[in-house]
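Trainee: pasting the structure only:
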DNA sequence: GTAAGTGTTC
């Protein structure tokens, strides 16, 4: 055997960092270090076993570099996610720095394009594309093609991606998949599924696991259960039904489409589960109102020793937030701190949201202050959190601080701000914000538009709301729903039904679950029982929408208010997911109105399990006992509330007078003009009694208002 | 020698 062949065989057998160094010195001794073949081998082995630095040294010391050596080096940088360096090297390669070096080929281009994609360097990517077009040596093969499509779709340029795709008469599975994934990730699920079906029907190409994952995600985006099930069927037929990523995306599909049972059975049958599977299942339970199941699953996961990641923690925190379960929330906070997840801005924001929803605004604020970096989402969570805690006047200040912190609001933050303002009900503020919306060009965002309609409605200006509504040309389902809700909160149920009718009969817009929520709550507020039941049936039968916990809550409320407690209980019992607090809460409220102690106890028992720290439920039950003269039970409950340290949020009222805003809570005497105000109140009461008004004082003495006043604030509008 | 699945404010 000749020396060169011996060396080649030794290279083949090399499997560690140490032997690379030995081979290197052998190569030098043999005088073959400048042989491009060995340089390339050394380069790749150093990158694999030693370091990029060693590999680079070989590269730098080799004269007359072949394209193979270039490609090996580029690929090493690529593998280490060193995208800038990859591109820089590539740039050297094409800009003719060494006349003896070879030029890029079909293997080089996809590497360069991948670096451009990762860096979102669209402009440079176009230069690479130009290079491909100009140099006949580089053909537009499947690899180059799908790398180009990937680049364009990650940069949101699906038009350019399509142009590349159309240059192929027989696209392979990668090209098809790049298109499906591209459309799916650019928020165009319809187009993604169009390509998916063309791929199978016209292209006669079998989808692979990645195609199927993207197709399932597209169905999830569309909330299309039946289409998703079809893709599931295709996956089973193609033998991918136990692919972990695919099943995880299916879990997400069934979660988003409210198919908890399907998701749970899929989850149960999975041969292997990873942290994403567990997180997805927890999120599935949370988003479908099955809070206990969500928290149980999280705890089961911990017990089994499966390490949660930051996403799992966020999902579990959401469950606590929905349930108002501060105790669990704090436990998860501790876990998050132990694992240093608090540094993750998303986790920190989820924690703020949890504390706010658990009525612990102080804790939320402490955490917010500690955050090294804030983004628009964390600011928005704080801002809306104050509004949720009856401190909407603070939201305005938070907004100002956010602007001084050089964080610009996005549409969602704007929606939060408008919603917070609508809690205050100050028309003047509303007009200012409306002007701001126009100035900052949020006017055409449907969610902002809908919030403005809501804002005007809540400020008592239903006319302004209606004018805004009529002025919107392409009314989206969100806009219609907001107007219906606007009439609803005004107690104008008939008007709300009229708008709904107009929407259904004279517009092309189909009502969705939110629309039905608005209509149902309008019916509930105006005592339109029969209409409410009709609408509920319409939602299920005609529009085939699955009612969520909120819908069930309102229908139980509607039935409960009129004393149809049996029917209400029937609904609770046949609900697909019986553990939603809304629903039991509505039933408990109804039991209070109609003095049904027995059923009230059943509802309260469920609520104490679901949401053990919600003061309102204890107070409602205590009121029920009081009406039934069960004073021992009342006393027991009061002790329990004190022991648990629960506080009921006090209702807060705000009035606007001559540009000043005054807020106060029940029994508040801290206003400078208190004496005058209470004097007038007294006069009014006398007048009301003269007119025949009898105040409802049944629960007054048992209410828990005392001792939790919020500060009296006066802020300039 | 290519790609993909779970997350924060509604």
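Mentor: Perfect, I can see it now. Because the structure is a prediction, the values reported are computed rather than measured. Numbering: from 1, shown residues only, chains lettered A, B, ... in the order given.

Trainee: what's the nearest residue to whatever residue of the stretch 501-650 of chain A ends up closest to DNA strand B if we skip its chain neighbours?
Mentor: Per C-beta to the nearest atom of the strand, residue A:514 is where the stretch 501-650 of chain A lies closest to DNA strand B, at 9.4 Å. C-beta: built from backbone N, CA, C; applies to glycine. Residue nearest to residue A:514 in three dimensions, not counting chain neighbours: residue A:481, with 4.9 Å by C-beta to C-beta, 6 or more residues apart in numbering.

Trainee: per-residue pLDDT, residue A:423?
Mentor: The per-residue pLDDT reported for residue A:423 equals 87.

Trainee: and for it, the neighbour number?
Mentor: 20 (other C-beta atoms under 10 Å).

Trainee: tell me how many other residues surround the nearest residue to residue A:326 once chain neighbours are set aside.
Mentor: Nearest non-adjacent residue to residue A:326, counting by C-beta to C-beta, 6+ apart: residue A:358, 3.9 Å away. Neighbourhood size, residue A:358 [other C-beta under 10 Å]: 24.

Trainee: hang on, residue A:358 packs against residue A:319?
Mentor: No - taking contacts as C-beta atoms under 8 Å, residue A:358 lies outside contact range of residue A:319: 11.6 Å.

Trainee: on that earlier part again, distance of the residue of the stretch 501-650 of chain A closest to DNA strand B from residue A:431?
Mentor: 26 Å (C-beta to C-beta, to the nearest Å).

Trainee: and if you look at residue A:454?
Mentor: 15 Å.

Trainee: what does residue A:640 give?
Mentor: 47 Å.

Trainee: which of these two has more neighbours?
Mentor: More neighbours surround residue A:431 than the other of residue A:640 and residue A:431, with 16 against 13 (other C-beta under 10 Å).

Trainee: part of a strand, is residue A:543?
Mentor: No - counting by DSSP: H, G, I helix; E, B strand; the rest coil, residue A:543 falls outside a strand, being coil.

Trainee: neighbours around it, how many?
Mentor: Neighbours of residue A:543 (other C-beta under 10 Å): 14.

Trainee: and residue A:510, by the same measure?
Mentor: 12.

Trainee: wait, is it part of a helix?
Mentor: No - per three-state DSSP, residue A:510 lies outside any helix segment and is coil.

Trainee: just confirm it contacts residue A:542, I think it does.
Mentor: No - if you go by C-beta under 8 Å, residue A:510 and residue A:542 don't touch, sitting 10.4 Å apart.

Trainee: can you map out the helices along the stretch 1-150 of chain A?
Mentor: Remark: helices assigned in the stretch 1-150 of chain A by DSSP state H, counting those that start in this stretch are A:3-13, A:17-29, A:36-49, A:52-61, A:67-79, A:83-94, A:108-118, A:122-134, A:142-154.

Trainee: among the ones you listed, which comes closest to DNA strand B?
Mentor: helix A:142-154 (1.6 Å).

Trainee: distance between the closest one and the chain's centre?
Mentor: 29 Å (C-alpha atoms, centre = their mean, to the nearest Å).

Trainee: same question for stretch A:574-591.
Mentor: Using C-alpha atoms, centre = their mean, the offset of stretch A:574-591 from its chain centre is 25 Å.

Trainee: and the closest residue to DNA strand B within the stretch 401-550 of chain A, how far from residue A:117?
Mentor: The stretch 401-550 of chain A approaches DNA strand B most closely through residue A:412 (3.5 Å), counting by C-beta to the nearest atom of the strand. Relative to residue A:117, residue A:412 is positioned 28 Å away (C-beta to C-beta).

Trainee: between the two, who's got more neighbours?
Mentor: residue A:117 (21 against 15).

Trainee: you'd agree the more buried one is up against residue A:146?
Mentor: No - with contact defined as C-beta under 8 Å, residue A:117 does not count as touching residue A:146 (11.0 Å).

Trainee: OK, contacts around residue A:380?
Mentor: Counting by C-beta atoms under 8 Å, 6 or more residues apart in numbering, residue A:380 touches A:409-410, A:412-413, A:416.

Trainee: these: which two are farthest apart?
Mentor: Using C-beta to C-beta, the pair of these lying farthest apart is A:410 and A:416, separated by 10.0 Å.

Trainee: higher neighbour count, these two?
Mentor: When residue A:410 and residue A:416 are compared for neighbours, residue A:416 comes out ahead with 24 against 15, by other C-beta under 10 Å.

Trainee: what's the closest non-adjacent residue to that one?
Mentor: Per C-beta to C-beta, 6+ apart, closest to residue A:416 is residue A:384, 4.0 Å.

Trainee: shouldn't the one you found be within a helix?
Mentor: Yes - the assignment for residue A:384 (three-state DSSP) places it in a helix.

Trainee: OK, contacts around it?
Mentor: A:356, A:395, A:416, A:419-420.

Trainee: next, format those as a markdown table and append pLDDT and secondary structure.
Mentor: Output for these, formatted as a markdown table (pLDDT from 0 to 100; DSSP: H, G, I helix; E, B strand; the rest coil):
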| residue | pLDDT | secondary structure |
| --- | --- | --- |
| A:356 | 96 | helix |
| A:395 | 93 | helix |
| A:416 | 94 | helix |
| A:419 | 93 | helix |
| A:420 | 92 | helix |
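
Trainee: circling back to that earlier point, the residue of the stretch 501-650 of chain A closest to DNA strand B against residue A:478, yeah?
Mentor: Yes - here residue A:514 reaches residue A:478: they are 7.1 Å apart, a contact under C-beta under 8 Å.

Trainee: which residues in the stretch 251-400 of chain A form helices?
Mentor: Under DSSP H, counting those that start in this stretch, the stretch 251-400 of chain A gives helices at A:260-269, A:275-287, A:291-303, A:310-323, A:326-338, A:345-357, A:361-370, A:376-388, A:392-404.

Trainee: now do the stretch 501-650 of chain A
Mentor: For the stretch 501-650 of chain A, the helices defined by DSSP H, counting those that start in this stretch occupy A:513-525, A:529-541, A:549-561, A:565-574, A:581-593, A:597-610, A:615-627, A:631-644.

Trainee: pull out the buried positions in the second one.
Mentor: Of the residues in helix A:529-541, those buried by neighbour count under the rule 16 or more other C-beta atoms under 10 Å are A:531-533, A:535-536, A:538-539.

Trainee: next, count neighbours for residue A:228.
Mentor: 26.

Trainee: contacts for the one helix or strand residue A:680 maps to?
Mentor: Per DSSP states H and E: residue A:680 is located in helix A:674-690. Helix A:674-690 is contacted from outside by A:668-669, A:671, using C-beta under 8 Å, 6+ apart.

Trainee: kindly report the same for stretch A:243-261.
Mentor: Contacts of stretch A:243-261 (C-beta under 8 Å, 6+ apart): A:209, A:212-213, A:216-217, A:219-220, A:223-225, A:228, A:232, A:235, A:240-241, A:262-263, A:266-267, A:270, A:272-274, A:276-277, A:280-281, A:283-285, A:287-288, A:290, A:546, A:548, A:576-577.

Trainee: please pick the buried ones from those.
Mentor: A:209, A:212-213, A:216-217, A:219-220, A:224-225, A:228, A:232, A:235, A:240-241, A:262-263, A:266-267, A:270, A:273, A:276-277, A:280-281, A:283-285, A:287-288, A:290, A:548, A:576-577.

Trainee: of those, which ones also sit close to DNA strand B?
Mentor: A:209, A:213, A:217, A:220, A:276-277, A:280, A:283 (C-beta under 7 Å from any atom of the strand).

Trainee: can you give the domain ranges for chain A?
Mentor: A:1-63, A:64-168, A:170-256, A:653-716 (automatic domain parsing).

Trainee: for my notes, please list those domains in TSV and give mean pLDDT for each entry.
Mentor: As requested, those are exported to TSV (pLDDT from 0 to 100):
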stretch	mean pLDDT
domain A:1-63	85
domain A:64-168	92
domain A:170-256	95
domain A:653-716	60
